[in-house]
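Q: Generate a structure from the sequence data that follows.
(one chain, ligands or ions: 3)
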Amino acid sequence: MKKIEEYVRSIPDFPEPGIIFRDVTSVLQDADGLQLAIDSMQNCLEGEEFDVITGLESRGFIFGMPIAYNLHKPFVLVRKAGKLPCETVSRTYELEYGSATIEMHKDSIKPGQKVVIVDDLIATGGSVEAAIKLVEELGGEVVKVVFLMELAGLKGRERLKGYNVASVICYDGK
Ligand SMILES: O=P(O)(O)OC[C@H]1O[C@H](OP(=O)(O)OP(=O)(O)O)[C@H](O)[C@@H]1O
Ligand SMILES: Nc1ncnc2[nH]cnc12
Ligand SMILES: [Mg+2]
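A: Ligands and ions are numbered 1, 2, ... in the order given. Here you go, the predicted model:
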């Protein structure tokens, strides 16, 4: 059986020079790769008690949704700015390349709910840090953060001190 890392295609200098892009499409377009990725991330939640799964647009949706469905939990969207129709909370943050603003509906998390955050990858940790702040602003408690891939060289984990963080595969560099 192939391992997850064998399904990930790495593209140097995309979207700009110096970035090694860890492409998740090559995992998803293989039925075994897709199943292995979802199952492996879901396994990280074994024994965890929580109320809601939150996924970050857009690649976090791909992984968060099937896990929420499988575990019969609600799925809450963290969206890029301007997409959500009702009242929102928002944060702007820096990425490995560029900057972005994310939003959540104010009523998407109830105070005291235990929240799991899912995304495909942690690089600098800027995106997930912003998502954590939004969940907490709404009164949620982030009990676990799950990634398929971690780029350890970018030290994103250091921004998540005190949180329970799991990644299925970890690249030493970027
Ligand atoms: O740890 P960070 O440095 O914040 O980077 C990681 C984030 O960057 C990518 O998303 P991106 O914003 O490029 O958009 P996408 O998911 O819509 O492709 C990736 O899917 C993570 O969400
Ligand atoms: N190196 C990288 N590969 C894929 N997605 C990313 N998002 C941020 N950095 C990335
Ligand atoms: Mg993303």
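
Q: got the CA coordinates for the strand or helix carrying residue 77 in CSV?
A: Here residue 77, judged by DSSP states H and E, is contained in strand 75-80. Provided in CSV are the C-alpha atoms of strand 75-80 (Å, rounded to 0.1, in the frame of the first residue of the first chain):
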residue,chain,number,x,y,z
PHE,A,75,-19.4,21.4,9.6
VAL,A,76,-18.7,25.1,9.9
LEU,A,77,-17.1,27.1,7.1
VAL,A,78,-14.2,29.6,7.6
ARG,A,79,-14.5,31.5,4.3
LYS,A,80,-12.3,34.0,2.5
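
Q: now for it, which elements pack on it?
A: strand 52-56, helix 59-70, strand 99-105 (3 or more CB pairs under 8 Å, 6 or more residues apart in numbering; DSSP states H and E). For the C-beta atoms, the positions are set from N, CA and C on the backbone; glycine is no exception.

Q: Quick one: distance of the first one to the chain centre.
A: Strand 52-56 has its average C-alpha position 8 Å from the chain's average C-alpha position, going by CA atoms, centre = their mean, to the nearest Å.

Q: Now do that strand against strand 75-80, angle only.
A: 20 degrees (axes from the mean of the first three to the mean of the last three CA atoms, to 10 degrees).
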